[in-house]
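Q: output the structure for:
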Amino acid sequence: MPEVETPPKQVITAGEHGDLTIDNTHPTKLSKALTTVLSSAPEAAIMQGQRSAGGHAYADRAADTGQLTPARPKTANSRDSYTMGRMFETRKHTMFARWDRMAKQFSRVGKDITIAVRQGGPDPANNPTLRRVIQNGRAVNMPKDKIETAIKRASGKDATDYEVVVYEGYAPHGVAVLIETATDNPVRTVASVRAAFNKFGGNIGISGSVAFMFKRMGVFRINPAGLDADDLELYLIDFGLEEMGEGRGPKDEPQWVARCLFADFGLLQKALEERGITPISAEHEYLCITHTDLPEEQAKEVLELIDKLEQDDDVQNVYHTLA
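A: Below is the predicted model:
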């Protein structure tokens with residue numbers, strides 16, 4: 001009578017409980033042994049159980065036949081999943097906010113290009129305003145093809161005719177606000193601006209109601225690499241420079257900020273070009289003469305109105321006296 005080969009015994013590793021040798025030729029003994037391991041070993045240790053020959057993990061139960069069922073692959077625990085989910089939500093919010101900001105900047109530059117082309121033609125060499133706007137587009141990383149497309153569109157017969165309109169008013173707690181818009185429908189724009197003021201506790205004013213609290217200035221942001229600050233300042237004084245100081249860009253990179261009266265904007269721009277200096281950006285700003293200091297809670301109410309105004313598609317810039 002031929003000799004029957006006895007199946008090899010198997011070893012189940014139960015973490016800190018050591019190696020347990022099980023006689024798998026007897027189903028009842030195998031089941032009882034596994035029951036003992038399951039009742040005494042922690043779940044994490046059981047999930048580490050491996051067959052010595054194949055290295056596959058086993059499930060936390062066994063049939064009376066003595067066959068072991070492969071376990072599901074190990075996955076990240078719930079805390080890791082929650083953390084990863086929160087990280088994704090944070091990154092998604094940051095990306096969407098950045099994309100919204102870029103879209104707003106591109107839209108603003110596109111309108112500036114249209115206005116510049118309509119006033120001075122599509123050739124940057126003969127249109128200093130267009131040169132300035134193109135440089136501002138590069139400063140916000142607007143792609144070259146989008147800039148060229150905007151110029152071509154503005155040169156066409158069907159180009160939108162934008163009108164620059166400045167609105168004035170008071171935010172909550174007496175903070176003066178000046179809103180610069182570029183619109184093809186002033187009726188729509190003034191209704192939207194008035195609705196924002198009313199919703200957040202402000203009041204839209206008449207022309208000149210707060211403009212006297214601001215000074216219109218030309219602002220040039222310059223890369224300081226390879227330049228001497230004192231030498232450049234002395235040179236620009238003869239071309240209308242009012243002040244020049246250090247500043248920081250959106251990525252915390254060092255910049256020089258040169259300001260002049262808006263009436264001298266073209267003169268200072270030409271002086272920089274003749275010196276071979278291309279500004280990072282060149283634009284006009286309304287700088288407030290006197291700031292308004294408010295407690296944090298009141299300042300938040302003002303900033304809510306400002307944020308709402310800046311979200312309007314027709315609004316180019318919002319200036320205020322809040323410190």
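Q: count the neighbours of N136 for me.
A: 21 (other C-beta atoms under 10 Å). No exception for glycine: its C-beta is placed from N, CA and C like everyone else's.
Q: same question, V175
A: The number of residues near V175, taken as other C-beta under 10 Å, comes to 25.
Q: ok, C288 next?
A: 18.
Q: can you pull the contacts of it?
A: The contact partners of C288, taken as C-beta atoms under 8 Å, 6 or more residues apart in numbering, are 176, 213-215, 319-321.
Q: as a markdown table, those with neighbour count and pLDDT would be great.
A: Putting the contacts of C288 into a markdown table (neighbours: other C-beta atoms under 10 Å; pLDDT from 0 to 100) gives the following:
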| residue | neighbour count | pLDDT |
| --- | --- | --- |
| A176 | 23 | 97 |
| M213 | 19 | 96 |
| F214 | 19 | 96 |
| K215 | 15 | 95 |
| Y319 | 19 | 96 |
| H320 | 24 | 96 |
| T321 | 21 | 96 |
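Q: inside strands: which ones of those?
A: Judged by DSSP state E, strands contain the following of those: 176, 214-215, 319-320.
Q: okay but I134 is in contact with D112, surely?
A: No. I134 is not in contact with D112 according to C-beta atoms under 8 Å; the separation is 9.4 Å.
Q: okay, strands next: where are they in the protein?
A: 10-13, 19-22, 58-62, 68-70, 163-170, 176-183, 203-204, 214-222, 241-248, 254-261, 281-288, 315-320.
Q: K144 is nearest to which of these?
A: Of all the strands of the chain, strand 281-288 sits nearest to K144, with 16.5 Å by C-beta to C-beta.
Q: just checking: what are the partner strands of that closest one?
A: strand 214-222 (antiparallel) (DSSP bridges).
Q: buried stuff in the strand it pairs with?
A: By 16 or more other C-beta atoms under 10 Å, the buried positions in strand 214-222 come out as 214, 217-222.
Q: ok and it relative to strand 254-261, angle-wise?
A: 140 degrees (axes from the mean of the first three to the mean of the last three C-alpha atoms, to 10 degrees).
Q: what does strand 214-222 contact?
A: 139, 176, 178, 232, 242, 247, 249, 255-262, 264-265, 268-269, 272, 277, 279-289, 319.
Q: and these, which are buried?
A: Using 16+ other C-beta under 10 Å, the buried members of the contacts of strand 214-222 are 139, 176, 178, 232, 255-256, 258-260, 262, 264-265, 268-269, 272, 277, 279-283, 286, 288, 319.
Q: hmm, back to that, columns distance to K144 on top of the buried residues of strand 214-222, output as TSV?
A: TSV is the format used below for the buried residues of strand 214-222 (distance: C-beta to C-beta, whole Å):
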residue	distance to K144
F214	34
M217	29
G218	25
V219	24
F220	22
R221	20
I222	22
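Q: closest to Y170 out of the ones in strands among the contacts of C288?
A: Looking across these and measuring by C-beta to C-beta, the closest to Y170 is A176, at 6.1 Å.
Q: bridging residues for that closest one?
A: Y170.
Q: ok, now how distant is it from Q298?
A: 15 Å (C-beta to C-beta, to the nearest Å).
Q: got the end-to-end distance for stretch 310-321?
A: Taking C-alpha to C-alpha, to the nearest Å, stretch 310-321 runs 16 Å from one end to the other.
Q: which of the residues in it are buried?
A: 312, 314-321.
Q: again with stretch 230-242
A: For stretch 230-242, by 16+ other C-beta under 10 Å, it's 232, 235-236, 239-241.
Q: before we move on, back to that, what's the farthest-apart pair in the ones in strands among the contacts of C288?
A: K215 and H320 (14.0 Å).
Q: so what's the residue nearest to D238 when sequence neighbours are not counted up against?
A: Leaving out its chain neighbours, the residue that sits closest to D238 by C-beta to C-beta, 6 or more residues apart in numbering is A271, at 7.8 Å. A271 sits next to 235-236, 238-239 when contact means C-beta under 8 Å, 6+ apart.
Q: can you put those in JSON lines and add pLDDT and distance to V187?
A: Formatted as JSON lines, the contacts of A271 follow (pLDDT from 0 to 100; distance: C-beta to C-beta, whole Å):
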{"residue": "Y235", "pLDDT": "95", "distance to V187": "47"}
{"residue": "L236", "pLDDT": "96", "distance to V187": "42"}
{"residue": "D238", "pLDDT": "93", "distance to V187": "46"}
{"residue": "F239", "pLDDT": "95", "distance to V187": "41"}
